[in-house]
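> Give me coordinates for this.
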Amino acid sequence: MQLTNLLSIAVPLLLSVASANPVPNSAGNSHPNPTSTRKFTLAAFESPWPAGSPNGHGISGVVVQAKGGNFYINPADKNPPTTVFSVDKNGQAFVVSNPNSQVYLDTQTGALSYFTQEQKPAPGAVLTNFLHLGEGTTLTTPSGQEGFFNPGPGSFQWVGAINDGWMFCPRNDGKGMQVMKLVGGKENWNSCLGGYALVALDYTK
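Predicted coordinates:
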């Protein structure tokens, strides 16, 4: 699957100037980004398939779940729990709970993970470089050539991997596919689904 280079070019710049400059969202409207107060959920997106489509790998619209310190998508789970996220102005991401759990990228394994106040992050954890852009509540299918995605209405990224896409790696523990970034480690990346977007959907409850 081919990926646009837009995020890899724009993200470092956006991190330094987003607080002072409006960034157009996928609908062409302008608003200040990143937004530290907007809560959101995450869903996988495989262009050009809409949410619920059995085409492709059947992952479009499958929500991201927090389980046991890591994050997963599981197309077989028809009633998944809701995991709510937020990103602050310093690029730190959180699972919204009471109290919040902090999200990190484990650069030794590639796992998108989280820890509570009673825990410590894994060695190699990077607690910053997260970016939430855009807004909206419905996963949309962009127009254009198949194989390219426009992460809308919003997107969630970690700045520091060698490409823009997220990896979904199968697990045999019943949790589904683990959300990963291609940053090294001992993962068999050939067994993973790779190069897909995580769409951020505003949490309005």
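
> how distant is the longest strand along the chain from the center of its chain?
For the chain, the strand with the greatest residue count under DSSP state E is strand 193-202. For strand 193-202, the separation from the chain centroid amounts to 5 Å (computed by CA atoms, centre = their mean, to the nearest Å).

> Over to stretch 162-179?
From the chain centre to the centre of stretch 162-179 is a distance of 11 Å (CA atoms, centre = their mean).

> Ok, stretch 171-190 next?
How far stretch 171-190 lies from its chain's middle: 15 Å, per CA atoms, centre = their mean.

> same thing with stretch 184-194?
If you compare the mean C-alpha spot of stretch 184-194 with that of the full chain, they lie 17 Å apart, counting by CA atoms, centre = their mean.

> How about stretch 51-63?
A distance of 15 Å separates the centroid of the chain from that of stretch 51-63, by CA atoms, centre = their mean.

> how long is that stretch end to end?
10 Å (CA to CA, to the nearest Å).

> what is the mean pLDDT for it?
Model confidence over stretch 51-63, given as mean pLDDT, is 85.

> Only the buried residues of that stretch, if you could.
For stretch 51-63, a neighbour-count test (16 or more other CB atoms under 10 Å) marks 51, 59, 60, 61, 62, 63 as buried. For every residue, glycine as well, the C-beta is placed using N, CA and C.

> measure stretch 93-107 end to end?
16 Å.

> which residues are contacting it?
When contacts are defined by CB atoms under 8 Å, 6 or more residues apart in numbering, stretch 93-107 is touched by residues 39, 66, 83-88, 92, 111-117, 121-122, 124-127, 129-130, 132, 156, 158, 160, 181, 183-184, 203.

> Buried subset of these, written for PyMOL?
Isolation of the buried members of these (16+ other CB under 10 Å) is achieved in PyMOL through the command below:
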select buried, resi 39+66+83+84+85+86+87+92+111+112+113+114+115+121+124+125+126+129+130+132+156+158+181+183+203
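
> Report all helices and strands that the helix or strand containing residue 156 contacts.
Of the helices and strands defined by DSSP states H and E, residue 156 is found in strand 154-158. Counting contacts by 3 or more CB pairs under 8 Å, 6 or more residues apart in numbering; DSSP states H and E, strand 154-158 is packed against helix 6-17, strand 40-45, strand 130-134, strand 193-202.

> before we move on, the earlier item: now, the contacts of stretch 93-107 that are in strands?
Filtering the contacts of stretch 93-107 for membership in strands, criterion DSSP E, returns 66, 85-87, 112-115, 125-126, 130, 132, 156, 158.

> Would you reformat those residues as CSV and include distance to residue 177 and pLDDT?
As requested, the ones in strands among the contacts of stretch 93-107 are arranged in CSV below (distance: CB to CB, whole Å; pLDDT from 0 to 100):
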residue, distance to residue 177, pLDDT
66, 14, 96
85, 18, 96
86, 24, 94
87, 23, 94
112, 12, 97
113, 15, 96
114, 17, 96
115, 21, 93
125, 21, 94
126, 22, 95
130, 20, 94
132, 22, 90
156, 17, 92
158, 17, 94
